[in-house]
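>>> just to be clear, the model below is a prediction. Sequence and coordinates:
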Amino acid sequence: MYKPAFSYLEITANDKNNRILKKREILENLTKKHPTPFLILQESEIRKSLGYFRKYIPEIFIHYAIKSNADTWILDMLKDENICFDVASAGEISLLSRLKIPGSRMILANPIKNEQSLDFMFKKRVESYTFDNEAELLKIYNFKKNHNYHFTPKAVLRIKTYSVDVQTDLSLKFGCTVEEAPYLIKKAYDLGLQPGGLAFHVGTQSYLVNNYRKSLDDCFTIIRKVKKDYDIDINLIDIGGGFPVDTEKGSGIDNLDGFFKELRDVLQSYDFSGINLYAEPGRVISASSGSLITTIIGKKQRDGVNWLFLNDGVYGCYSGVVYDHAKFAFYPLDKKYYSPQYAGKLVPYTVAGPTCDSIDIIAENVYLPADIEISDKIFSTDIGAYSIMSATKFNGFQPATVLYLNAKDKLENVHIDIDFDIMKLIDDITISIID
C-alpha cells in the first residue's frame, strides 16, 4: 500500500512557485458552484508541457498517447496544435476519426492487434504500426491479403529496452531482442510490409535519460546491421514515452528543464540524417493538467488506526494507484489548515474510497490535521493521466465530473462524455477521412 513520503505542509513549504496554493484557490472557487468529486483539466498545464518539447527537442514528431487521457477537449486542443497521436485499438482510432483527425497522424503502437484494430488501421489508412514478433507479421500479411487491402502502413519494430529506476517496466510484455531484430525486419521486407522503423519504450516515469541513450545505441546497432546484411534502410526511430511528472511532491512538470536539456544533449550526440524521430508522450502532457477535489464522507478510528473516507477512490479517479502504481499527495482545501499552528499537529490516516470493497484503499500514513472533519474537502494534483480514463461506475458511484479551464484558468465547459462502447464506435467506420 502506498505511503506518501511527505505531508502537505512539507510540500507547500518547499513549493517556491506556490503552485499548490494557486490550485487550491482555483478549486475552492469552483466548489462554490460544483459538487464534488470533480476533476479540473487546465489548458495552461498542457501548453506548458508542449513548450518543453518545442523548446528543447523540436525535431521530435509528437504522437500523444491518448490512453493517458482521451478526453475530446484535450484531443481537439492537440489536433489544433498539429500534434499526432499514438493509438492502441479500433476504439481509439475511431475516436480520433470522429474528430476528423486522419490516419496519417496516427501510429497504432500496440504490438499485438486484434482484427477490429487491423480493419480500422487499413480502412483509416493509419500511417504506421508497431510489431515485435513473426506471428504478428504473418497475421497482418494474411489479413491484408484476405481483405484485398492495397494500402500498406509502415511497419515499426519494437525492441526490448534497458530500463532502470522506472515506475513500470514496459518491456515486460513487449519488445524483441536486439539479436532478433534483423531477422524480423527482413521478414517484414520479404512479406512486402514496408519495414522502416524502430521503436522502444524505456518505462514510465523515467528520470534517467541514460535509459534513452542505451536504447538509441541498440537502435543504431540494428540499423547498421540491416543495412550491411540486407541493404534495408531504417528511416524512423520512435523513442516512446516515459517522460516524468512529479505527482508525489507537487511540482508536476515545473522542474523538467534539466531533464529535457539532458535529453536534447543525448539526441544531439547521434547522427539522425535521413531518420525521423517520433515520441509518444502521454502522462507528461495530461497528468499535470488534472486536479481532483473530493469530500470527506466518513471519519473513524479502527484498531488504533485513523481512517478517512472520500467520495472518490480507486474505482474512480484514484484508479491509477492500482493500475499505474501512481503516487499522489493529499491536500486539505480549507485555507485554515495551512496556518503555522498545524505544524507538528498532523496525524496519520488511512485514506479510503466510498465503495464497499476493501480494495478501495487509496493510501496509508497520510498526514493530515487531527481535527479535519466530515464535509471537509481533500484534493490531489497532477492526476490528469491514467485516472478518469480507468474510472468505473462500480457500486453505482459515478465517475467525477470534469471541468475544463482555458489558458487563463477560467471555466470553459463542464464534462464532455467519452463513449468507448466498441460496438457504437465501430459504426463510425463509415466516416470518410481524407488524408
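Perfect, I can see it now.
>>> how far does stretch 98-107 sit from its chain's centre?
Relative to its chain's centre, stretch 98-107 lies at 19 Å (Cα atoms, centre = their mean, to the nearest Å).
>>> who's in contact with that stretch?
63, 72, 75-76, 79, 83-87, 93, 96-97, 121, 124-130, 156, 238, 278, 280, 428, 431, 433-435 (Cβ atoms under 8 Å, 6 or more residues apart in numbering). In short, each C-beta sits where N, CA and C put it, glycine included.
>>> quick check: which ranges of the stretch 301-435 of the chain have low pLDDT?
416-435 (pLDDT under 70).
>>> what about the helices in it?
Taking DSSP state H, counting those that start in this stretch, the helices of the stretch 301-435 of the chain run over residues 320-323, 422-426.
>>> list the buried residues in the lengthiest helix in the chain.
Across the chain, the longest stretch assigned as helix under DSSP state H is helix 210-230. Buried positions in helix 210-230, judged by neighbour count with 16 or more other Cβ atoms under 10 Å: Asn211, Tyr212, Arg213, Ser215, Leu216, Asp218, Cys219, Phe220, Ile222, Ile223, Lys225, Val226.
>>> export the residues you listed to a markdown table and tack on pLDDT?
Below are those laid out as a markdown table (pLDDT from 0 to 100):
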| residue | pLDDT |
| --- | --- |
| Asn211 | 90 |
| Tyr212 | 93 |
| Arg213 | 94 |
| Ser215 | 94 |
| Leu216 | 97 |
| Asp218 | 96 |
| Cys219 | 97 |
| Phe220 | 97 |
| Ile222 | 98 |
| Ile223 | 97 |
| Lys225 | 98 |
| Val226 | 98 |
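>>> sorry, back to before: buried ones among the contacts of stretch 98-107?
For the contacts of stretch 98-107, buried by 16+ other Cβ under 10 Å: 63, 72, 75, 79, 83-87, 93, 96-97, 121, 124-130, 156, 238, 278, 280, 428, 433.
>>> looking at the residues you listed, which are in helices?
Those of the buried ones among the contacts of stretch 98-107 mapping onto helices are Thr72, Leu75, Lys79, Ile93, Leu96, Ser97, Met121, per DSSP H.
>>> please report how far the third one lies from Asp165.
So the one you mean is Lys79. 34 Å (Cβ to Cβ, to the nearest Å).
>>> next one: stretch 233-241 to chain centre, how far?
Between the centre of stretch 233-241 and the centre of its chain there are 20 Å (Cα atoms, centre = their mean).
>>> how about the CA coordinates for that stretch, as PDB?
Taking C-alpha atoms only, stretch 233-241 is exported to PDB below (Å, rounded to 0.1, in the frame of the first residue of the first chain):
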ATOM      1  CA  ASP A 233      17.200   1.500 -44.700                       C
ATOM      2  CA  ILE A 234      15.600   2.400 -41.400                       C
ATOM      3  CA  ASN A 235      14.200   6.000 -41.500                       C
ATOM      4  CA  LEU A 236      12.200   6.200 -38.300                       C
ATOM      5  CA  ILE A 237      13.100   5.900 -34.600                       C
ATOM      6  CA  ASP A 238      10.200   6.200 -32.100                       C
ATOM      7  CA  ILE A 239      11.600   6.900 -28.600                       C
ATOM      8  CA  GLY A 240       8.300   6.200 -27.000                       C
ATOM      9  CA  GLY A 241       7.200   7.800 -23.800                       C
END
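>>> what about Asp360? Give its phi and psi, please.
phi -80, psi 60 (degrees, to the nearest 10).
>>> nearest residue to it other than its sequence neighbours?
Distances taken as Cβ to Cβ, 6 or more residues apart in numbering put Gly353 closest to Asp360, at 4.0 Å, once the chain neighbours are dropped.
>>> show me the contacts for that neighbour.
Going by Cβ under 8 Å, 6+ apart, the list of residues near Gly353 reads Phe309, Leu310, Asn311, Asp312, Gly313, Val314, Tyr315, Gly316, Tyr318, Asp360, Ile361, Ile362.
>>> rerun that using 10 Å as the cut-off
Shown in contact with Gly353 (Cβ atoms under 10 Å, 6 or more residues apart in numbering): 37, 294, 297, 309-319, 321, 359-362, 394-395, 397.
>>> out of those, which end up buried?
37, 294, 309-319, 321, 360-362, 394, 397.
>>> quick check: the nearest residue to Lys48 once chain neighbours are set aside vs Leu216, distance?
Distances taken as Cβ to Cβ, 6+ apart place Ile253 nearest to Lys48, at 6.2 Å, with adjacent residues excluded. Using Cβ to Cβ, Ile253 is found at 23 Å from Leu216.
>>> the helices in the stretch 101-250 of the chain, which residues?
Per DSSP H, counting those that start in this stretch, the stretch 101-250 of the chain carries helices over the ranges 115-123, 134-146, 181-190, 210-230.
>>> relative to helix 181-190, how tilted is the last one?
In this case it means helix 210-230. In terms of direction (axes from the mean of the first three to the mean of the last three Cα atoms, to 10 degrees), helix 210-230 departs from helix 181-190 by 60 degrees.
>>> for the first one, same thing?
Here helix 115-123 points in a direction 60 degrees away from that of helix 181-190 (the same axes, to 10 degrees).
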